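Asks: got a sequence here, can you build the structure:
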Amino acid sequence: MLDIYGNLFLRRGQSIRVAPKNPERGPDRGADGGREAIVVRVNFSADDLARTRFGTAPAPLVETGLALTELRRTGLRNPRRPRPWLREARRAFPPAARPLLDLVPPRGSWPTFTESPAADLEEALEFVRATPRRFLRCEMTSVWQDRPGRPPVWLRNLADGDTEALDVVVRALRALHDAIVAPRWDSVVTSFHGDVARRMPVLAAGGHQALFETLDDRLKWCCDGLERQGNDSEFELGGTGLVLMPSAFWSGPPVFGIGDGLRLGHTLMYAARPNGQPAEPALTDQAGTDQAGTDNLAALLGPTRAAVLRALAEPRGTAELAGQVGISPASASEHAKVLRDANLIETRRQGRSVRHSLTPLGRTIVGQLLARLTG
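Replies: Residues are numbered from 1 along each chain as shown. Next comes the predicted model:
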């Protein structure tokens with residue numbers, strides 16, 4: 001994985017190989033055409049390109065880790081664009097999450113064993129709890145190697161695979177997720193899907209090269225590989241491709257997550273821009289509607305139908321949808337039909353029940369309306 005300054009480090013236990021430099025690239029030059037630039041390069045085979053795809057949904061622990069890293073790194077600089085959620089998150093930071101401050105430094109690399117791709121929080125936490133001891137020792141060695149002094153006792157125990165120390169990590173991740181990420185989850189989901197929907201026409205019209213170059217100005221496609229500033233390294237994906245993950249919390253440079261070949265695949269995490277502007281993860285009120293986006297979406301669709309559309313940021317059955325919005329099942333079914341006829345949602349039968357979910361058009365409308373107001 002790349003750290004926040006572009007230096008690439010690998011997840012532990014992986015079998016990825018360093019590739020020889022591509023002679024067709026020629027020398028790497030800086031922006032002024034003069035001195036040589038330092039880059040990290042990830043090569044793509046035809047199989048890699050065929051298997052490169054967007055993630056299907058944001059991952060709770062990935063977003064939790066990026067939120068924490070964003071909190072740590074923003075103390076090092078004065079951002080040009082203040083992000084309200086950072087101020088709110090600092091006030092709401094739970095004491096139970098403080099052990100994570102030992103794990104995630106304000107500079108350099110951060111651990112990867114907490115980055116479960118699971119869309120379900122409980123499944124993701126079990127993934128962390130099941131981390132093999134050899135992964136933990138390598139991770140802790142990497143995280144602490146550039147930090148002064150000895151790590152705390154509990155981190156040394158974690159490196160030895162101590163189950164109580166792993167429980168500390170799991171409790172801290174849950175506390176941070178519940179305090180910072182969960183209250184903004186609706187906005188995270190809409191930003192994720194809004195960003196993906198915005199980029200799909202680029203992929204369809206221009207292919208992967210055009211897509212990569214729209215993700216971030218610091219990414220460059222060159223000679224069948226993706227480059228950005230970092231350490232002088234070159235890596236192969238082994239035919240498995242990349243999973244592209246936009247994040248509402250992250251505002252830093254794109255982050256390559258090079259998988260271990262066992263538990264984790266290769267990912268590229270980047271700052272979500274659902275309407276061309278950086279996303280802002282906004283709080284969700286008790287009624288389940290995003291505070292910033294309620295009025296505009298309601299003006300477009302009507303308040304109840306807008307609430308139905310927003311509630312379907314996560315797939316739901318008719319009864320569950322009715323309970324979420326606070327209307328009768330018959331009314332929920334009627335609103336679903338209108339939204340389905342407008343190609344904003346789709347409905348699939350599962351046994352004797354049905355599940356409603358947003359279409360790409362529906363995700364775009366929800367995501368861009370909210371992002372325009374929160375951005």
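Asks: list the buried residues for stretch 317-324?
Replies: Gly317, Thr318, Glu320, Leu321, Ala322, Gln324 (16 or more other C-beta atoms under 10 Å). The way it works is simple: take the backbone N, C-alpha and C, and place the C-beta from them, glycine included.
Asks: who's in contact with the third one?
Replies: Think Glu320. By C-beta atoms under 8 Å, 6 or more residues apart in numbering, the contact list for Glu320 is empty.
Asks: check the fifth one too.
Replies: Contacts here follow C-beta under 8 Å, 6+ apart; on that basis Ala322 touches Ser328, Pro329, Ser331, Ala332.
Asks: which among the residues you listed gets closest to Trp221?
Replies: Ala332 (45.3 Å; C-beta to C-beta).
Asks: pLDDT (mean, whole number) over the helix or strand where that closest one lies?
Replies: Taking DSSP states H and E as the definition, Ala332 sits inside helix 329-341. What helix 329-341 shows for mean pLDDT is 90.
Asks: my guess is Pro99 contacts Trp154, does it?
Replies: Yes - if you go by C-beta atoms under 8 Å, Pro99 and Trp154 touch, sitting 6.9 Å apart.
Asks: overlap of the contact sets of those two?
Replies: Joint contacts of Pro99 and Trp154 (C-beta under 8 Å, 6+ apart) are Val168.
Asks: ramachandran coordinates for Phe54?
Replies: Phi and psi for Phe54, reported as degrees, to the nearest 10, are phi -80, psi 150.
Asks: and the contacts of Ala322, which are buried?
Replies: Ser331, Ala332.
Asks: burial of Asp146, as a residue count?
Replies: As a burial measure, Asp146 scores 10 neighbours (other C-beta atoms under 10 Å).
Asks: part of a strand, is it?
Replies: No - judged by DSSP: H, G, I helix; E, B strand; the rest coil, Asp146 forms no part of a strand; its state is coil.
Asks: between Pro99 and Trp154, who's got more neighbours?
Replies: Remark: of Pro99 and Trp154, Pro99 carries more neighbours, 20 against 15, as counted by other C-beta under 10 Å.
Asks: which strands or helices does the lengthiest helix in the chain pack on?
Replies: Longest helix of the chain, by residue count under DSSP state H: helix 185-215. With contacts taken as 3 or more C-beta pairs under 8 Å, 6 or more residues apart in numbering; DSSP states H and E, helix 185-215 sits against strand 220-221, strand 243-247, helix 360-374.
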